[in-house]
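Asks: how would this look folded up:
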Amino acid sequence: MRVDEAYGRCTQITRDEARNFYFGFILLPRERRRGIHALYAFSRLCDDSVDGAETTTERLAAVAARRRDVDRAYAGSVPADDPVLIALADAIRRFGIPRAPMDALVDGVEMDLGTNRYADWPALKTYCDRVAGAVGVLSLHVFGFRDPAAVGHAEDLGVAMQVVNIMRDVQEDSLRDRIYLPADEMAAHGVAVADIMSDRMTPGMRELMQQQARRADDYFASGHMLLPVLDLRARMCVQMLAGLYEEILARLAARGFDYTQGRVSLPGRRKASLMLRSVVRALATRRR
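Replies: Next comes the predicted model:
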(Lines give C-alpha, C1' and ligand atoms only; values in the text may rest on other atoms or scores of the structure.)
Protein backbone atom coordinates (compact mmCIF):
# COMPACT_ATOMS: atom_id res chain seq x y z
CA MET A 1 0.00 0.00 0.00
CA ARG A 2 1.29 3.45 -0.91
CA VAL A 3 1.94 5.96 1.85
CA ASP A 4 -0.53 8.45 0.37
CA GLU A 5 -3.23 5.80 0.39
CA ALA A 6 -2.41 4.90 3.99
CA TYR A 7 -2.68 8.52 5.08
CA GLY A 8 -5.97 8.79 3.21
CA ARG A 9 -7.37 5.94 5.27
CA CYS A 10 -6.24 7.62 8.49
CA THR A 11 -7.92 10.83 7.38
CA GLN A 12 -11.14 8.93 6.78
CA ILE A 13 -10.96 7.36 10.24
CA THR A 14 -10.45 10.78 11.82
CA ARG A 15 -13.29 12.32 9.83
CA ASP A 16 -15.68 9.49 10.74
CA GLU A 17 -14.75 9.04 14.39
CA ALA A 18 -13.59 12.41 15.70
CA ARG A 19 -15.62 15.27 14.34
CA ASN A 20 -14.38 17.75 16.95
CA PHE A 21 -10.72 16.92 16.35
CA TYR A 22 -11.15 16.78 12.59
CA PHE A 23 -12.52 20.31 12.56
CA GLY A 24 -9.45 21.61 14.37
CA PHE A 25 -6.97 19.68 12.26
CA ILE A 26 -8.28 21.30 9.06
CA LEU A 27 -6.26 24.39 9.97
CA LEU A 28 -2.90 22.58 9.71
CA PRO A 29 -0.72 22.38 6.59
CA ARG A 30 -1.32 19.16 4.64
CA GLU A 31 1.73 17.17 5.77
CA ARG A 32 1.30 18.01 9.43
CA ARG A 33 -2.44 17.39 9.20
CA ARG A 34 -1.78 13.93 7.80
CA GLY A 35 0.70 13.24 10.60
CA ILE A 36 -1.92 14.15 13.20
CA HIS A 37 -4.47 11.94 11.43
CA ALA A 38 -2.02 9.02 11.67
CA LEU A 39 -1.62 9.60 15.41
CA TYR A 40 -5.37 9.78 15.90
CA ALA A 41 -5.97 6.63 13.84
CA PHE A 42 -3.48 4.67 15.94
CA SER A 43 -5.01 5.99 19.16
CA ARG A 44 -8.39 4.90 17.88
CA LEU A 45 -7.01 1.49 16.95
CA CYS A 46 -5.78 1.07 20.54
CA ASP A 47 -9.21 1.91 21.95
CA ASP A 48 -11.23 -0.11 19.46
CA SER A 49 -9.13 -3.26 19.70
CA VAL A 50 -9.62 -3.32 23.47
CA ASP A 51 -13.30 -2.37 23.36
CA GLY A 52 -13.98 -5.08 20.79
CA ALA A 53 -12.47 -7.85 22.93
CA GLU A 54 -14.86 -9.87 25.08
CA THR A 55 -12.63 -11.18 27.88
CA THR A 56 -9.86 -9.72 30.00
CA THR A 57 -7.42 -12.16 28.41
CA GLU A 58 -8.40 -10.95 24.95
CA ARG A 59 -8.11 -7.32 26.00
CA LEU A 60 -4.63 -7.83 27.42
CA ALA A 61 -3.68 -9.63 24.21
CA ALA A 62 -4.96 -6.64 22.24
CA VAL A 63 -2.78 -4.28 24.29
CA ALA A 64 0.23 -6.55 23.73
CA ALA A 65 -0.52 -6.45 19.99
CA ARG A 66 -0.53 -2.66 20.06
CA ARG A 67 2.85 -2.65 21.82
CA ARG A 68 4.20 -4.83 19.02
CA ASP A 69 2.70 -2.36 16.54
CA VAL A 70 4.65 0.43 18.22
CA ASP A 71 7.83 -1.65 17.98
CA ARG A 72 7.22 -2.19 14.25
CA ALA A 73 6.42 1.46 13.59
CA TYR A 74 9.61 2.69 15.25
CA ALA A 75 11.65 0.00 13.51
CA GLY A 76 10.10 0.98 10.18
CA SER A 77 9.07 -2.62 9.48
CA VAL A 78 5.28 -2.53 9.28
CA PRO A 79 2.93 -4.84 7.34
CA ALA A 80 2.55 -3.76 3.73
CA ASP A 81 -1.25 -3.83 3.97
CA ASP A 82 -1.78 -1.97 7.28
CA PRO A 83 -2.68 1.67 6.51
CA VAL A 84 -2.55 2.90 10.10
CA LEU A 85 0.91 1.51 10.79
CA ILE A 86 2.26 2.56 7.39
CA ALA A 87 1.15 6.14 8.01
CA LEU A 88 2.28 6.08 11.64
CA ALA A 89 5.76 4.83 10.75
CA ASP A 90 6.08 7.54 8.11
CA ALA A 91 4.95 10.24 10.55
CA ILE A 92 7.40 9.00 13.20
CA ARG A 93 10.26 9.28 10.72
CA ARG A 94 9.11 12.53 9.15
CA PHE A 95 8.50 14.46 12.39
CA GLY A 96 10.94 12.78 14.77
CA ILE A 97 8.17 11.62 17.11
CA PRO A 98 9.71 10.25 20.35
CA ARG A 99 8.93 6.79 21.66
CA ALA A 100 8.16 7.56 25.33
CA PRO A 101 4.77 9.29 24.88
CA MET A 102 3.69 6.59 22.41
CA ASP A 103 4.42 3.93 25.03
CA ALA A 104 2.58 6.05 27.62
CA LEU A 105 -0.50 6.12 25.40
CA VAL A 106 -0.59 2.32 25.27
CA ASP A 107 0.05 2.21 29.03
CA GLY A 108 -3.07 4.33 29.49
CA VAL A 109 -5.16 1.92 27.44
CA GLU A 110 -3.89 -0.94 29.59
CA MET A 111 -4.55 1.06 32.76
CA ASP A 112 -8.20 1.33 31.74
CA LEU A 113 -8.51 -2.46 31.77
CA GLY A 114 -7.75 -2.90 35.43
CA THR A 115 -8.99 0.35 36.96
CA ASN A 116 -12.53 1.70 37.06
CA ARG A 117 -12.20 3.86 40.18
CA TYR A 118 -9.58 6.45 41.17
CA ALA A 119 -8.74 7.17 44.80
CA ASP A 120 -7.60 10.75 44.32
CA TRP A 121 -6.47 13.33 41.79
CA PRO A 122 -2.83 12.13 41.63
CA ALA A 123 -4.07 8.67 40.60
CA LEU A 124 -6.48 10.11 38.05
CA LYS A 125 -3.81 12.55 36.84
CA THR A 126 -1.56 9.61 35.98
CA TYR A 127 -4.33 8.19 33.82
CA CYS A 128 -5.00 11.57 32.17
CA ASP A 129 -1.29 12.05 31.49
CA ARG A 130 -1.17 8.73 29.66
CA VAL A 131 -4.34 8.82 27.59
CA ALA A 132 -4.41 12.56 26.86
CA GLY A 133 -1.25 14.33 27.98
CA ALA A 134 0.83 11.90 25.93
CA VAL A 135 -1.31 12.64 22.87
CA GLY A 136 -0.63 16.33 23.41
CA VAL A 137 3.12 15.70 23.41
CA LEU A 138 2.95 13.45 20.34
CA SER A 139 0.94 16.10 18.51
CA LEU A 140 3.40 18.80 19.53
CA HIS A 141 6.18 17.03 17.66
CA VAL A 142 4.05 17.04 14.52
CA PHE A 143 3.24 20.73 14.99
CA GLY A 144 6.90 21.57 15.46
CA PHE A 145 8.44 23.57 18.34
CA ARG A 146 11.72 24.98 19.63
CA ASP A 147 11.03 25.90 23.27
CA PRO A 148 11.42 22.85 25.61
CA ALA A 149 8.77 24.35 27.92
CA ALA A 150 6.21 23.63 25.20
CA VAL A 151 6.18 19.94 26.15
CA GLY A 152 4.71 20.58 29.60
CA HIS A 153 2.11 22.98 28.23
CA ALA A 154 1.07 20.48 25.54
CA GLU A 155 0.69 17.80 28.19
CA ASP A 156 -1.39 20.13 30.38
CA LEU A 157 -3.68 21.00 27.49
CA GLY A 158 -4.31 17.30 26.92
CA VAL A 159 -5.11 16.85 30.61
CA ALA A 160 -7.53 19.80 30.53
CA MET A 161 -9.38 18.30 27.59
CA GLN A 162 -9.52 14.90 29.31
CA VAL A 163 -11.01 16.43 32.47
CA VAL A 164 -13.73 17.97 30.29
CA ASN A 165 -14.31 14.57 28.68
CA ILE A 166 -14.69 13.03 32.13
CA MET A 167 -17.22 15.67 33.17
CA ARG A 168 -19.19 15.34 29.94
CA ASP A 169 -19.27 11.53 30.06
CA VAL A 170 -20.13 10.85 33.71
CA GLN A 171 -23.45 9.24 32.82
CA GLU A 172 -22.10 7.25 29.86
CA ASP A 173 -19.12 5.98 31.87
CA SER A 174 -21.30 4.96 34.80
CA LEU A 175 -23.22 2.61 32.51
CA ARG A 176 -19.90 0.75 32.05
CA ASP A 177 -19.28 0.77 35.82
CA ARG A 178 -16.57 3.40 35.44
CA ILE A 179 -16.21 6.50 37.57
CA TYR A 180 -13.41 8.87 36.64
CA LEU A 181 -14.00 11.28 39.51
CA PRO A 182 -11.56 11.20 42.46
CA ALA A 183 -13.06 9.14 45.29
CA ASP A 184 -11.69 11.38 48.03
CA GLU A 185 -13.27 14.44 46.42
CA MET A 186 -16.56 12.57 46.02
CA ALA A 187 -16.51 11.77 49.74
CA ALA A 188 -15.66 15.37 50.65
CA HIS A 189 -18.78 16.54 48.81
CA GLY A 190 -20.99 13.73 50.13
CA VAL A 191 -21.35 12.05 46.74
CA ALA A 192 -21.80 8.28 46.83
CA VAL A 193 -21.17 5.85 43.99
CA ALA A 194 -24.87 4.98 44.18
CA ASP A 195 -25.77 8.63 43.46
CA ILE A 196 -23.84 8.54 40.20
CA MET A 197 -25.10 5.11 39.20
CA SER A 198 -28.71 6.18 39.75
CA ASP A 199 -28.31 9.61 38.09
CA ARG A 200 -28.99 11.64 41.23
CA MET A 201 -27.83 15.19 40.62
CA THR A 202 -27.33 16.30 44.23
CA PRO A 203 -25.99 19.66 45.47
CA GLY A 204 -22.81 17.83 46.44
CA MET A 205 -22.45 16.45 42.93
CA ARG A 206 -22.77 19.95 41.52
CA GLU A 207 -20.03 21.17 43.87
CA LEU A 208 -17.86 18.21 42.85
CA MET A 209 -18.31 19.05 39.18
CA GLN A 210 -17.51 22.71 39.88
CA GLN A 211 -14.26 21.56 41.46
CA GLN A 212 -13.41 19.58 38.32
CA ALA A 213 -14.24 22.64 36.19
CA ARG A 214 -11.81 24.77 38.18
CA ARG A 215 -9.18 22.10 37.70
CA ALA A 216 -9.80 22.05 33.95
CA ASP A 217 -9.52 25.85 33.85
CA ASP A 218 -6.13 25.70 35.57
CA TYR A 219 -4.82 23.19 33.05
CA PHE A 220 -6.27 25.17 30.15
CA ALA A 221 -4.41 28.23 31.45
CA SER A 222 -1.15 26.31 31.18
CA GLY A 223 -2.16 24.85 27.83
CA HIS A 224 -2.76 28.31 26.39
CA MET A 225 0.87 29.16 27.14
CA LEU A 226 1.70 26.76 24.32
CA LEU A 227 0.26 29.10 21.70
CA PRO A 228 3.05 31.71 21.45
CA VAL A 229 5.70 29.04 20.77
CA LEU A 230 3.86 27.54 17.78
CA ASP A 231 3.82 28.74 14.20
CA LEU A 232 0.64 30.38 12.93
CA ARG A 233 -1.10 27.35 11.43
CA ALA A 234 -0.39 25.12 14.44
CA ARG A 235 -1.43 27.96 16.74
CA MET A 236 -4.79 28.20 14.96
CA CYS A 237 -5.29 24.45 15.28
CA VAL A 238 -4.49 24.33 19.00
CA GLN A 239 -6.60 27.44 19.67
CA MET A 240 -9.49 25.78 17.86
CA LEU A 241 -9.22 22.50 19.79
CA ALA A 242 -8.89 24.27 23.13
CA GLY A 243 -11.83 26.50 22.21
CA LEU A 244 -14.04 23.52 21.39
CA TYR A 245 -13.44 21.93 24.77
CA GLU A 246 -13.76 25.19 26.66
CA GLU A 247 -17.10 25.67 24.92
CA ILE A 248 -18.22 22.21 26.05
CA LEU A 249 -17.17 23.13 29.59
CA ALA A 250 -19.12 26.39 29.37
CA ARG A 251 -22.22 24.53 28.22
CA LEU A 252 -21.89 22.08 31.09
CA ALA A 253 -21.67 25.03 33.48
CA ALA A 254 -24.72 26.67 31.86
CA ARG A 255 -26.82 23.62 32.69
CA GLY A 256 -25.56 23.60 36.27
CA PHE A 257 -23.24 20.67 35.52
CA ASP A 258 -26.28 18.40 35.40
CA TYR A 259 -24.84 15.40 33.59
CA THR A 260 -28.23 13.65 33.64
CA GLN A 261 -29.49 15.96 30.85
CA GLY A 262 -27.51 14.04 28.24
CA ARG A 263 -24.19 14.44 26.51
CA VAL A 264 -23.17 17.97 25.53
CA SER A 265 -22.33 18.37 21.85
CA LEU A 266 -21.64 21.34 19.59
CA PRO A 267 -23.56 21.99 16.35
CA GLY A 268 -21.61 22.50 13.14
CA ARG A 269 -22.47 26.20 12.98
CA ARG A 270 -20.98 26.77 16.42
CA LYS A 271 -17.82 24.87 15.46
CA ALA A 272 -17.45 27.06 12.39
CA SER A 273 -17.82 30.16 14.56
CA LEU A 274 -15.17 28.86 16.94
CA MET A 275 -12.86 28.17 14.01
CA LEU A 276 -13.14 31.77 12.82
CA ARG A 277 -12.54 33.07 16.33
CA SER A 278 -9.50 30.79 16.64
CA VAL A 279 -8.00 32.24 13.48
CA VAL A 280 -8.48 35.78 14.78
CA ARG A 281 -6.97 34.97 18.18
CA ALA A 282 -4.05 33.11 16.64
CA LEU A 283 -3.29 36.08 14.41
CA ALA A 284 -3.34 38.34 17.46
CA THR A 285 -0.89 36.14 19.39
CA ARG A 286 2.73 37.15 18.90
CA ARG A 287 5.12 34.23 18.48
CA ARG A 288 8.03 34.00 20.91
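Asks: residue ranges of the helices in the stretch 151-288 of the chain, please?
Replies: Along the stretch 151-288 of the chain, counting by DSSP state H, counting those that start in this stretch, helices occupy 170-174, 183-188, 193-197, 203-224, 232-254, 268-284.
Asks: Which one of the ones you listed lies nearest to residue 83?
Replies: For those, the distance to residue 83 is smallest for helix 232-254, at 23.0 Å, taking Cβ to Cβ. In short, each C-beta sits where N, CA and C put it, glycine included.
Asks: Now do the same for the most centrally placed residue in the chain: helix, strand or coil?
Replies: Closest to where the C-alpha atoms of the chain average out (Cα atoms, centre = their mean) is residue 132, at 4.3 Å. Here residue 132 is helix, with the state taken from DSSP: H, G, I helix; E, B strand; the rest coil.
Asks: measure it to residue 125 for me?
Replies: Residue 132 sits 10 Å away from residue 125, taking Cβ to Cβ, to the nearest Å as the criterion.
Asks: So, low pLDDT: which residues of the stretch 1-150 of the chain?
Replies: In the predicted model of the stretch 1-150 of the chain, residues 20 satisfy pLDDT under 70.
Asks: Which parts of it are helices?
Replies: With DSSP H, counting those that start in this stretch as the criterion, the stretch 1-150 of the chain has helices at 3-17, 19-25, 30-51, 56-75, 83-95, 99-114, 121-128, 134-143, 150-168.
Asks: hey, which of the helices of the stretch 151-288 of the chain is tucked in deepest?
Replies: Comparing the helices of the stretch 151-288 of the chain by mean neighbour count (mean count of other Cβ atoms under 10 Å), helix 232-254 comes out on top with a mean of 20.
Asks: follow-up on the earlier one: switch the helices of the stretch 1-150 of the chain over to JSON lines; also include mean neighbour count and distance to residue 202.
Replies: Output for the helices of the stretch 1-150 of the chain, formatted as JSON lines (neighbours: other Cβ atoms under 10 Å; distance: least, Cβ to Cβ, whole Å):
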{"stretch": "helix 3-17", "mean neighbour count": "18", "distance to residue 202": "34"}
{"stretch": "helix 19-25", "mean neighbour count": "20", "distance to residue 202": "30"}
{"stretch": "helix 30-51", "mean neighbour count": "21", "distance to residue 202": "31"}
{"stretch": "helix 56-75", "mean neighbour count": "16", "distance to residue 202": "33"}
{"stretch": "helix 83-95", "mean neighbour count": "22", "distance to residue 202": "43"}
{"stretch": "helix 99-114", "mean neighbour count": "18", "distance to residue 202": "27"}
{"stretch": "helix 121-128", "mean neighbour count": "18", "distance to residue 202": "21"}
{"stretch": "helix 134-143", "mean neighbour count": "24", "distance to residue 202": "33"}
{"stretch": "helix 150-168", "mean neighbour count": "24", "distance to residue 202": "16"}
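Asks: Present those helices as CSV; the columns should include distance to residue 197.
Replies: Output for these, formatted as CSV (distance: least, Cβ to Cβ, whole Å):
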stretch, distance to residue 197
helix 3-17, 28
helix 19-25, 28
helix 30-51, 21
helix 56-75, 22
helix 83-95, 36
helix 99-114, 19
helix 121-128, 19
helix 134-143, 29
helix 150-168, 16
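Asks: Can you say which of those helices is nearest to residue 266?
Replies: Of those, nearest to residue 266 by Cβ to Cβ is helix 19-25, at 7.3 Å.
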